[in-house]
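> My questions are about this predicted structure, shown below with the sequence.
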Amino acid sequence: MSHELFEAAREAMTKAHAPYSKFPVGVALKADDGKVYLGANIENLSFPQGWCAEPTAIGAMVMGGGKKIVELAVIAEKLPLCTPCGGCRQKISEFASADTRIYLCDEAGVAKTVTMGELLPYAFETDVIG
Ligand code: THU
């Protein structure tokens, strides 16, 4: 399954809109509904308005009916083993658990597997809000 997600992330990366950074990123995640959702980074001429590949994939999942991320692969053309940025770790954690597997890829496939708990220890979480 991880290799399938790698291939899906690589395919998603071809859709990146990254004319400013020229740093395409692709994400594929498998959700609890069994579906695979894709995302790429989408930049904007007003630089802070752009966003990462991870929120694109999370948005696709939410709109497709998925509720939880089961596993997620990320790939960046120019950076083997690219990890989700800090903000994306928080975004992913909202829909994942500490043992959710995150596949860090290079051009050949999954190069390293980490858990969400390893990526974001001490994640912001509380039952005080909401
Ligand atoms: N980027 C992602 O899409 N995901 C990450 O986790 C790392 C950074 C994007 C944002 C921006 O379009 C480009 O990579 C350079 O930072």
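Noted; the coordinates are in hand.
> How about the residues of this protein by the ligand?
Contact residues, the chain versus the ligand (CB under 6 Å from any ligand atom): 18, 21, 23, 25, 41, 43, 50, 52-54, 84-85, 88. To be clear about C-beta, it is placed using only N, CA and C from the backbone, and glycine gets the same treatment.
> By neighbours, which of those residues wins?
Neighbour tally across these (other CB atoms under 10 Å): the maximum, 30 neighbours, falls on Ala53.
> Enumerate every residue touching that residue.
Ala12, Met13, Ala16, Val25, Gly26, Val27, Gly39, Ala40, Asn41, Val74 (CB atoms under 8 Å, 6 or more residues apart in numbering).
> can you rerun that using 7 Å?
Val25, Gly26, Val27, Gly39, Ala40, Asn41, Val74 (CB atoms under 7 Å, 6 or more residues apart in numbering).
> From Val36, how far out is Val128?
Using CB to CB, to the nearest Å, Val128 is found at 34 Å from Val36.
> Of those two, which one has the most company?
Val36 (22 against 4).
> and the gap between that one and Glu4?
For Val36, the distance to Glu4 - CB to CB - is 8 Å.
> and what of Arg10?
Taken as CB to CB, the span from Arg10 to Glu4 is 11 Å.
> Look at the two and report which has more neighbours.
Between Arg10 and Glu4, counted using other CB under 10 Å, the more crowded position is Arg10 (17 against 12).
> these two touch, right, the more buried one and Ile75?
Yes. Using CB atoms under 7 Å, Arg10 is in contact with Ile75, at 5.6 Å.
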